[in-house]
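Asker: Let me see the structure of the following:
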Amino acid sequence: MQRINAIAPQTATGTVKSLLDGVQQKLGFVPNLMRTLAVSPATLDSYLSFGERLGHGILSAKLREQLALTIAYSNSCEYCLAAHTAIGGLLGLTPSQLEAAYTADSTDPQIAAALRFAQEVVQSQGHVSEEELAAIRQAGYSDAEIAEIVGHVALNVFTNYFNSIAQTDVDFPKTRKSVPSHA
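Answerer: All right, here's what the predicted structure looks like:
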């Protein structure tokens, strides 16, 4: 059962209404995550702004979704795993590419390097080794791209943690693979 109440878009007012209307216009619906973040207009606005800015960065939309999947799986976030699997599929990622991303894998060595780096950032809480930083650079990533990968880790860790605390009801199709348990 969801532990933080979601805001119904049809009853929202003021800033929350404006933010949720923007989500509706962009996505065609208002995901439960946004409805739940809307209990704090500042939090929803910050999340949307951070995501929007990173969306205009160097990393491709497909890689951003693969990163989100790796991070969601690493943090056992069922909501984000379902959401980013659906979004990744809409962007043209195949089911095997999506499932490989859960565990920081890809048949493309450069993508795999980015996913492994993101996974290491999550698991080490940002304390990556010199060797791990050298490996991502050797895979062809610039400092700007590395900064964006870290930005995506931060954004996705936020939503993963929020969903875990809120126990946000999943309103995307469930994935075939379950997240690891942290119980």
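Asker: Could you pull out the buried residues of the top helix by length along the chain?
Answerer: When the chain is parsed with DSSP state H, its longest helix is helix 143-166. Within helix 143-166, the residues that count as buried by 16 or more other CB atoms under 10 Å are 145-146, 148-149, 151-153, 155-160, 162-164, 166. The C-beta positions use only the backbone N, C-alpha and C, and glycine is treated the same way.
Asker: same thing with stretch 125-134?
Answerer: 128, 132.
Asker: what's the first-to-last distance across it?
Answerer: End-to-end distance for stretch 125-134: 18 Å, by CA to CA, to the nearest Å.
Asker: May I have the longest helix of the chain exported as PDB, CA atoms only?
Answerer: Provided in PDB are the C-alpha atoms of helix 143-166 (Å, rounded to 0.1, in the frame of the first residue of the first chain):
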ATOM      1  CA  ASP A 143      34.800  14.400 -18.500                       C
ATOM      2  CA  ALA A 144      31.500  16.100 -19.600                       C
ATOM      3  CA  GLU A 145      29.900  12.700 -20.300                       C
ATOM      4  CA  ILE A 146      31.200  11.300 -17.000                       C
ATOM      5  CA  ALA A 147      29.600  14.300 -15.200                       C
ATOM      6  CA  GLU A 148      26.300  13.600 -16.900                       C
ATOM      7  CA  ILE A 149      26.500   9.900 -15.900                       C
ATOM      8  CA  VAL A 150      26.900  11.000 -12.300                       C
ATOM      9  CA  GLY A 151      24.000  13.500 -12.800                       C
ATOM     10  CA  HIS A 152      21.800  10.600 -14.000                       C
ATOM     11  CA  VAL A 153      22.900   8.500 -11.000                       C
ATOM     12  CA  ALA A 154      21.900  11.300  -8.600                       C
ATOM     13  CA  LEU A 155      18.500  11.900 -10.300                       C
ATOM     14  CA  ASN A 156      17.700   8.200 -10.400                       C
ATOM     15  CA  VAL A 157      18.800   7.500  -6.900                       C
ATOM     16  CA  PHE A 158      16.500  10.300  -5.800                       C
ATOM     17  CA  THR A 159      13.500   8.700  -7.500                       C
ATOM     18  CA  ASN A 160      14.500   5.200  -6.400                       C
ATOM     19  CA  TYR A 161      14.700   6.200  -2.800                       C
ATOM     20  CA  PHE A 162      11.500   8.300  -3.000                       C
ATOM     21  CA  ASN A 163       9.600   5.400  -4.500                       C
ATOM     22  CA  SER A 164      11.000   3.000  -1.900                       C
ATOM     23  CA  ILE A 165       9.900   5.300   1.000                       C
ATOM     24  CA  ALA A 166       6.500   6.100  -0.600                       C
END
